[in-house]
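[1] Structure for the following, please:
(chains A and B)
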2 protein chains.
Amino acid sequence: MKLREIGEFGLIERVAKRAGGGGEGVVVGGGDDAAVFKPSRGSLTVATTDALIEKVHFDLSKASFRSVGRKALCSNISDCVSMGARPRHFLVTIALPSRVSVAQVDELYDGMLSLARKYRISLAGGDTVSSPGPIVISITLLGEVKKKNLMLRSGARPGDLICVTGKLGDPRFGLGRYPRVREALSIAESRLATSMIDNSDGLARCLIEICRMSRVGARVDVSRIPLASTLDLALYGGEDYELVFTVPGSRLKKLPKKCAVIGEITRISGGIKLIYDSGREKNIKSGGYQHFDDQ
Amino acid sequence: MKLREIGEFGLIERVAKRAGGGGEGVVVGGGDDAAVFKPSRGSLTVATTDALIEKVHFDLSKASFRSVGRKALCSNISDCVSMGARPRHFLVTIALPSRVSVAQVDELYDGMLSLARKYRISLAGGDTVSSPGPIVISITLLGEVKKKNLMLRSGARPGDLICVTGKLGDPRFGLGRYPRVREALSIAESRLATSMIDNSDGLARCLIEICRMSRVGARVDVSRIPLASTLDLALYGGEDYELVFTVPGSRLKKLPKKCAVIGEITRISGGIKLIYDSGREKNIKSGGYQHFDDQ
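    Residues are numbered from 1 along each chain as shown, chains lettered A, B, ... in the order given. Here you go, the predicted model:
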């Protein structure tokens, strides 16, 4: 079935039906000018937005509609939980060209909604428009966090150990991976870490961001980085939704299993350094995927 | 200057500088995985999202980058205030093809940010990506409303009068128009109306939505519709950010100036009818712009 056969409003109704009811805390879901929620008392609201553009972030000759839908929400969940926040509601803006069928849109939403159900996140609204070019999926996710559990990039201190969950450098670029929801919330709510970030642009970018925001330096022992593929992909690519976080030595015994210590935070004057087995040191200055590099 | 000369991270820094500080209620602005706000005690959070796609919603041979930026935020503000909510923070996802220059991106953000400053809304975050095709601007706006001031589409009752602000059928399709922020908040906070909606897809669609959600009918006196251009554009197009709302007869004396009464809410069995001067009646069944119609 073609999109024009059901039209914009037909598609919106169809998605609303698949999404089910409003969910916890939703006062008004779809069907009005905006979604309305009741924030939990004493919590801060966390808002993250992340878009996928066809031919830039995914290629439908290699990925299914379902996996693309899942990845679109996954990257937002990962950003939310790496702040220590519990994800609650999301809004989806989707731009669709005429070549996409209703069944393919269903698959795309199924990918999102299966992940949303797993983590009890409700689809609260969105905007559905036509596209003269690529498919565009832009999601905004709202979450909640108690102030004491808020995890920022700016809290790392010299002497803290640099830790990661899982393996870095996903050769599938996030397709088929799950975000580290349980791990991130456990790290935040047990107040284990001093800073946390999700690894969506590669470890090099994570280190640069933590060091820039915390005004510190870092030394990473290359041989201790757990690799899912190549060192290059771990450092400069990946989108693997793993967490990079810093832990004071005194709390290290609380480090969850499956986490690895890969280095140490230093003073800012130390710069950001990779230490190889041979003893060679390399400065990380920049790197990681940047949009517009290839333009 | 080309986008690749400053790169994604350079562009993000540039926008952050133009946007200034975080603004009221912002705990953490750009620069972390997500934005963090402190919700006002006792308020509900309202979230709306609306996207503009080049060649679908705007044409840069006819509109400036500045006016496109302004329109992108304008439509979100209009959705927010028509719920009775005060707009507070917004997030911008923008996909840019290589032909766009840094100066043009500056203009686009200037259009948004001048409107944001006017209404004291803060840019809290976003996502900046490359596009292989059209420019895409997707904005999510968060606002706040006390429960008693929340204006839904579902509150209209038989006997209520149907009112509109200003003139309908903007021939400029929203470019160069401002949303009715002061009027919407005054209508909501004085508890004048029983339902409210913004007129972004034409009056016909507004009536259909209010009648569907309120389970009522409507009779509109065509000669009383204030026109900015043609009746057809007023009914089925326009994007003029005017408000359509319903008011019980007993509160009509509180109706602000510049508002017009154009008809009356009836029982659902009455259907949705346009009454012409000649006495001819026409049923509104559908209509208004729908995406995918032209695919």
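
[2] Alpha carbons of whichever strand or helix holds residue A:16, as PDB, please.
    Assigned by DSSP states H and E, residue A:16 belongs to helix A:3-19. What follows is helix A:3-19, C-alpha atoms only, in PDB (Å, rounded to 0.1, in the frame of the first residue of the first chain):
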ATOM      1  CA  LEU A   3       1.400   6.300   1.600                       C
ATOM      2  CA  ARG A   4      -0.900   8.500  -0.500                       C
ATOM      3  CA  GLU A   5      -3.700   5.800  -0.200                       C
ATOM      4  CA  ILE A   6      -3.900   6.400   3.600                       C
ATOM      5  CA  GLY A   7      -2.600  10.000   3.600                       C
ATOM      6  CA  GLU A   8      -0.900  11.900   6.400                       C
ATOM      7  CA  PHE A   9      -3.800  11.800   8.900                       C
ATOM      8  CA  GLY A  10      -4.400   8.100   8.100                       C
ATOM      9  CA  LEU A  11      -0.700   7.300   8.800                       C
ATOM     10  CA  ILE A  12      -0.800   9.300  12.100                       C
ATOM     11  CA  GLU A  13      -3.800   7.300  13.300                       C
ATOM     12  CA  ARG A  14      -2.100   4.000  12.200                       C
ATOM     13  CA  VAL A  15       1.000   4.800  14.200                       C
ATOM     14  CA  ALA A  16      -1.000   5.900  17.300                       C
ATOM     15  CA  LYS A  17      -2.900   2.600  17.200                       C
ATOM     16  CA  ARG A  18       0.400   0.600  17.100                       C
ATOM     17  CA  ALA A  19       1.900   2.700  19.900                       C
END
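
[3] any idea which helix or strand comes after that helix?
    Counting by DSSP H and E, the next helix or strand C-terminal to helix A:3-19 is strand A:26-28.

[4] next structured bit after that next one?
    Once the chain leaves strand A:26-28, the next helix or strand it forms, by DSSP H and E, is strand A:35-37.

[5] what about the nearest residue to residue A:283 once chain neighbours are set aside, how many neighbours?
    In this structure, residue A:283 finds its nearest non-sequential neighbour in residue A:271, 5.6 Å apart by C-beta to C-beta, 6 or more residues apart in numbering or on different chains. To be clear about C-beta, it is placed using only N, CA and C from the backbone, and glycine gets the same treatment. By other C-beta atoms under 10 Å in any protein chain shown, 15 other residues sit near residue A:271.

[6] what's the answer for residue A:154, then?
    Neighbours around residue A:154, by other C-beta under 10 Å: 16.

[7] show me the residues around it that make contact.
    A:195, A:213, A:214, B:32 (C-beta atoms under 8 Å, 6 or more residues apart in numbering or on different chains).

[8] looking at this, it is in a helix?
    No. Assessed with DSSP: H, G, I helix; E, B strand; the rest coil, residue A:154 is coil; it does not lie in a helix.

[9] Dihedrals phi and psi, it?
    phi -100, psi 10 (degrees, to the nearest 10).

[10] picking up where we left off before, can you turn the buried part of the contacts of residue A:154 into a ChimeraX selection?
    To isolate the buried ones among the contacts of residue A:154 in ChimeraX, judged by 16 or more other C-beta atoms under 10 Å in any protein chain shown, type:
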select /A:195,213,214 /B:32
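
[11] Which of the contacts of residue A:154 fall within helices?
    Using DSSP state H, the subset of the contacts of residue A:154 located in helices is A:213, A:214.

[12] Relative to residue A:82, which of the contacts of residue A:154 is nearest.
    residue B:32 (9.0 Å; C-beta to C-beta).

[13] Would you mind naming the residues that bridge with residue A:195?
    Applying DSSP bridges to residue A:195 gives these bridge partners: residue A:246.

[14] Check the gap between it and residue B:63 for me.
    Residue A:195 is 43 Å from residue B:63, where distance means C-beta to C-beta, to the nearest Å.

[15] ok, now residue A:228?
    Separation of residue A:228 from residue B:63 (C-beta to C-beta): 46 Å.

[16] Also residue A:278?
    Residue A:278 is 58 Å from residue B:63, by C-beta to C-beta.

[17] who has more neighbours, those two?
    A count of neighbours by other C-beta under 10 Å puts residue B:63 above the other of residue A:278 and residue B:63, at 19 against 7.

[18] Leaving out sequence neighbours, find the closest residue to the more buried one.
    Distances taken as C-beta to C-beta, 6+ apart put residue B:175 closest to residue B:63, at 5.3 Å, once the chain neighbours are dropped.

[19] ditto for residue A:69
    residue A:111 (2.9 Å).

[20] Wait, that neighbour touches residue A:74, no?
    No. Using C-beta atoms under 8 Å, residue A:111 is not in contact with residue A:74; the gap is 9.2 Å.

[21] More neighbours: the two, which one.
    Remark: of residue A:111 and residue A:74, residue A:74 carries more neighbours, 27 against 21, as counted by other C-beta under 10 Å.

[22] CA atoms of the helix or strand that contains the more buried one as CSV?
    Residue A:74 is located in helix A:65-81, with elements delineated by DSSP H and E. Coordinates of the C-alpha atoms in helix A:65-81 are reproduced here as CSV (Å, rounded to 0.1, in the frame of the first residue of the first chain):
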residue,chain,number,x,y,z
PHE,A,65,13.6,-0.6,8.2
ARG,A,66,13.2,-2.2,11.6
SER,A,67,16.8,-1.9,12.5
VAL,A,68,16.9,1.8,11.4
GLY,A,69,13.8,2.6,13.5
ARG,A,70,15.5,0.9,16.5
LYS,A,71,18.8,2.7,16.0
ALA,A,72,17.0,6.1,15.8
LEU,A,73,15.6,5.6,19.2
CYS,A,74,18.6,3.8,20.6
SER,A,75,21.0,6.7,20.1
ASN,A,76,18.6,9.0,21.9
ILE,A,77,18.2,6.5,24.8
SER,A,78,21.9,6.2,25.0
ASP,A,79,22.3,10.0,25.3
CYS,A,80,19.6,10.2,28.0
VAL,A,81,20.9,7.4,30.2
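
[23] which helices and strands does it pack with?
    Using 3 or more C-beta pairs under 8 Å, 6 or more residues apart in numbering or on different chains; DSSP states H and E, the elements in contact with helix A:65-81 are strand A:43-53, strand A:86-96, helix A:102-118, strand A:136-146, helix A:181-189, strand A:195-198.

[24] quick one: strands adjacent to whatever helix or strand residue A:163 lives in?
    Using DSSP H and E, residue A:163 falls within strand A:161-165. Strand A:161-165 sits in its sheet next to strand A:243-247 (antiparallel), strand A:259-266 (antiparallel), going by DSSP bridges.

[25] quick one: strands adjacent to the worst-scoring helix or strand of chain A on mean pLDDT?
    When each helix and strand of chain A is scored by mean pLDDT, DSSP states H and E, strand A:26-28 comes last, with a mean of 71. Within its sheet, strand A:26-28 is paired with strand A:35-37 (antiparallel), according to DSSP bridges.

[26] ok, and what's touching the partner strand?
    Here strand A:35-37 makes contact (C-beta under 8 Å, 6+ apart) with A:25-29, A:88-89, A:91, A:124-125, A:142, B:44-48, B:83, B:85, B:145, B:150.

[27] how about a cut-off of 6 Å?
    A:25, A:26, A:27, A:28, A:89, A:124, A:125, B:44, B:45, B:46, B:47 (C-beta atoms under 6 Å, 6 or more residues apart in numbering or on different chains).

[28] Residue B:159: which of the residues you listed is nearest?
    Nearest to residue B:159 among those, counting by C-beta to C-beta, is residue A:28 at 24.3 Å.

[29] Low-confidence stretches in chain A?
    A:21-25, A:29-31, A:174, A:176, A:238, A:286-290, A:293-295 (pLDDT under 70).

[30] OK, now which residue of it is nearest to chain B?
    Relative to chain B, the nearest point of chain A is residue A:133 (2.6 Å; C-beta to the nearest C-beta).

[31] Quick check: that residue touching residue B:135?
    No. The criterion here is C-beta atoms under 6 Å, and residue A:133 misses it with residue B:135 at 10.1 Å.
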